[in-house]
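Enquirer: Below is the structure, and that's it, no one-letter string:
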Ligand SMILES: Cc1cc2nc3c(=O)[nH]c(=O)nc-3n(C[C@H](O)[C@H](O)[C@H](O)COP(=O)(O)OP(=O)(O)OC[C@H]3O[C@@H](n4cnc5c(N)ncnc54)[C@H](O)[C@@H]3O)c2cc1C
Ligand SMILES: NC(=O)c1ccc[n+]([C@@H]2O[C@H](COP(=O)([O-])OP(=O)(O)OC[C@H]3O[C@@H](n4cnc5c(N)ncnc54)[C@H](OP(=O)(O)O)[C@@H]3O)[C@@H](O)[C@H]2O)c1
């Protein structure tokens, strides 16, 4: 029976590999996590893994390798040269005392520089600051066809920013920094009822605040929310004691989910009632990264975890946004946490998520296959008007839906194929959505 | 690739005309958006007919040749040809149940049963398990039988053949722990299907759709130290099997005879 052996597969790894999960723990995988090895990248199937803050199977390759990037930091006057594996929080702890910061920061500072580029992340200030990729001056990319220095004018740059790691590993990046006058911010909260009024309040807030986002309560009898607008103070002080720091409280793994419609209804009502229309001075960290204070919060969803569904609805289609909100409200499961932001112009990458319009992100308990069918319906509605799902968050999209959402997919594929002709760079996301290769894969045997 | 809510991408049925296997696949297509299906078997016309039915449920269906009685390496190659890295579930439903092998007196028949149910099927399990192991994800659903628990006098050869198959499947289930791939060993009792059409109904008889529901439910739970690896259909079969396994020989023979008389 000599023939019945493990198929020789480039990238085959021994069993007993590392366990990995999506941020929401709904997806799990087995892969071998290892430090980047440029030689092995040329012969082994794998993907790069940052901090694992993406919400699906973006950052691992089942049965293959998951590379981690270097973590060293070199600081210049108005730029930094950092390893792709550097965690944004650590970088800011170096930069803030020097009066510098990064122009674009996502809601979690646990994210790595490589992950921020690969997803071309946006902050609450996207309308004015663009995406993370807009502030990248250059990259060192390790691909199966070799190492290359890539600048913003290169096709490989456009394929890599937002390319979900599928063009190779960002070993290093040069990032522009911007001045930071203060670690304090002026923060305005406005409780609002009704979607139309929420959108109008956010639009008004945009006129005189850099960072605007709204928390939505989708389980109340009428949609309501709190618009939060933040502007970094221009006249100090900079307090070193207010540097971003890792969570001090951690939720431990729980045997069951605490997220039920009843518990969310009570929590949301409390949050809404306690909110006042007010303007206060607050630490920048608590205004921009409210989720940073508690670690392990996905554990409140119990062992089955949660997914996050994030779409952008293009400008001029508020009716579709209203429909999407209504769909979430009618779901058989509870839309536990919903955040609405406004996005400005598109990012630099072929697969950058942002485009001008509203983006809604909703955390949902991963209750079972039925939920996916509801989300498919939302995706279709959004795609029909030129909107899209955020690949960094995706856990459920239909493979066939992506090409319509990302019209530059074919262009991206061509560049990625040039960098990696044998398709060694692959993730479970890539396989699930057929990003690099549409349709049937060749068997590994 | 399995998605965040447990929906599937690609499902392969070895024994592509099996009533039980097709019921499982149809459920996965309908409930878990399994968009791509491969039916592997030896009867091209029957496979095409089954494929057509699944297409009406929305799946893209391909067919692939597979014979349990070919030489081992060929069987393994035929299985591997149906798999690619995105395969989430492989259902193995190949099997034969002789109409009458009560005494195991027909050497030709006994050989055929061992060839298909143990040798050929075992090679298929090994080939599928190794591929899933290498790709680091996926579930192999092995259709064993309650008959595997003990070769009863009324199905001596089938029971013995399925016992070999079951031992292999359970061994693979243990071996694959921690690889990301897993094996689910399904032990149905009497199921109304083409296989049992000419047989007398046994107690606790069920339908292929019941097996499908049980397998689907087991797929809800992801792999982990506590994940189930054995599925009885109906669940009460677990108790019956424990009884059969521990029953003294003479009692078993008497019970078998009684059942037979009642059936006949
Ligand atoms: C609480 C929370 C809040 C968030 N808020 C926002 C937000 O406001 N805006 C926003 O845009 N996103 C947000 N995100 C999403 C997050 O920014 C992205 O998913 C980001 O990609 C995660 O980075 P990571 O380092 O954890 O990467 P991982 O999750 O490990 O990987 C994500 C992707 O990046 C690729 N990658 C990672 N490192 C490299 C590298 N060195 N080279 C090449 N590819 C690499 C991986 O292959 C993978 O495809 C949030 C996530 C969380 C958990
Ligand atoms: N029905 C029950 O009561 C019951 C109970 C417990 C376990 N099981 C097991 O469940 C599985 C499926 O059974 P079922 O009830 O669905 O029966 P079925 O409809 O008769 O299916 C049996 C399958 O095996 C295939 N097969 C038989 N011999 C083969 C060979 N030499 N090469 C390739 N394929 C071959 C058949 O293909 P063809 O169409 O080409 O013949 C058919 O696809 C079997 O393993 C069976 O032992 C059944």
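Expert: Cool, the structure landed. Remember, predicted model here, so these are calculated numbers, not experimental data. Ligands and ions are numbered 1, 2, ... in the order given.

Enquirer: ok, the lengthiest strand in chain B: who's next to it in the sheet?
Expert: Scanning chain B for the strand with the most residues, using DSSP state E, yields strand B:181-188. Take DSSP bridges as the rule and strand B:181-188 pairs in its sheet with strand B:138-143 (parallel), strand B:230-233 (parallel).

Enquirer: Next, count neighbours for residue A:39.
Expert: Neighbouring residues of residue A:39 were enumerated by other CB atoms under 10 Å in any protein chain shown; the total is 8. Just so you know, the C-beta spots here come from the backbone N, C-alpha and C atoms, and that holds for glycine as well.

Enquirer: how near is it to ligand 1?
Expert: When CB to the nearest ligand atom, to the nearest Å is the yardstick, residue A:39 and ligand 1 sit 17 Å from each other.

Enquirer: Name the SS class of that residue, please.
Expert: Judged by DSSP: H, G, I helix; E, B strand; the rest coil, the three-state class of residue A:39 is helix.

Enquirer: so where's the chain shaky on pLDDT?
Expert: With no chain named, the answer covers chain A. Counting by pLDDT under 70, chain A contains low-confidence residues at A:1-16, A:439-445.

Enquirer: you looked at the wrong chain, it should be chain B
Expert: Under the criterion of pLDDT under 70, the regions of chain B flagged as low confidence span B:101-103, B:223-226, B:262-264.

Enquirer: For the residue in the stretch 51-200 of chain B that ligand 2 sits nearest to, which residues are in contact?
Expert: Residue nearest to ligand 2 within the stretch 51-200 of chain B: residue B:95 (2.5 Å; CB to the nearest ligand atom). Contact partners of residue B:95, counting by CB atoms under 8 Å, 6 or more residues apart in numbering or on different chains, are B:15, B:18, B:116-117, B:121, B:143, B:145, B:162, B:195.

Enquirer: Quickly find the element holding residue B:62.
Expert: Element membership for residue B:62, per DSSP states H and E: strand B:60-65.

Enquirer: Can you give me the buried ones in the helix or strand just after that strand?
Expert: Per DSSP H and E, the first helix or strand lying C-terminal to strand B:60-65 is helix B:72-81. Within helix B:72-81, the residues that qualify as buried are B:72, B:75-76, B:78-81, counting by 16 or more other CB atoms under 10 Å in any protein chain shown.

Enquirer: Could you confirm whether helix B:72-81 reaches chain A?
Expert: Yes. Looking at helix B:72-81 against chain A by CB under 8 Å from any CB of the partner chain, the contacts come from B:72-73, B:76-77, B:80-81.

Enquirer: right, is that helix up against ligand 2?
Expert: No. Contact of helix B:72-81 with ligand 2 is not found when judged by CB under 6 Å from any ligand atom; the minimum separation is 8.8 Å.

Enquirer: If you count contacts, what does whichever helix or strand comes after that helix end up packed against?
Expert: Past helix B:72-81, heading to the C-terminal end, the next element that is a helix or strand (DSSP H and E) is strand B:87-92. Strand B:87-92 is packed against strand B:10-14, helix B:19-32, helix B:121-135, strand B:138-143, with contacts defined by 3 or more CB pairs under 8 Å, 6 or more residues apart in numbering or on different chains; DSSP states H and E.

Enquirer: Next, the angle from strand B:87-92 to strand B:138-143.
Expert: Orientation of strand B:87-92 against strand B:138-143 (axes from the mean of the first three to the mean of the last three CA atoms, to 10 degrees) gives an angle of 10 degrees.

Enquirer: Now for residue 258, how many residues are close by?
Expert: Going with chain A. Under the neighbour criterion other CB under 10 Å, residue A:258 is assigned a count of 14.

Enquirer: Hmm, no, I was thinking of chain B.
Expert: The number of residues near residue B:258, taken as other CB under 10 Å, comes to 10.

Enquirer: does the most centrally placed residue in chain A sit in a helix, a strand or a coil?
Expert: Among the residues of chain A, the smallest C-alpha distance to the mean C-alpha position (CA atoms, centre = their mean) belongs to residue A:392, namely 4.6 Å. Each residue gets one of three states, and residue A:392 gets coil by three-state DSSP.

Enquirer: where do the helices sit along chain A?
Expert: A:38-41, A:88-95, A:113-118, A:126-129, A:155-160, A:195-208, A:261-274, A:284-288, A:318-330, A:369-383, A:402-405, A:409-419, A:428-433 (DSSP state H).
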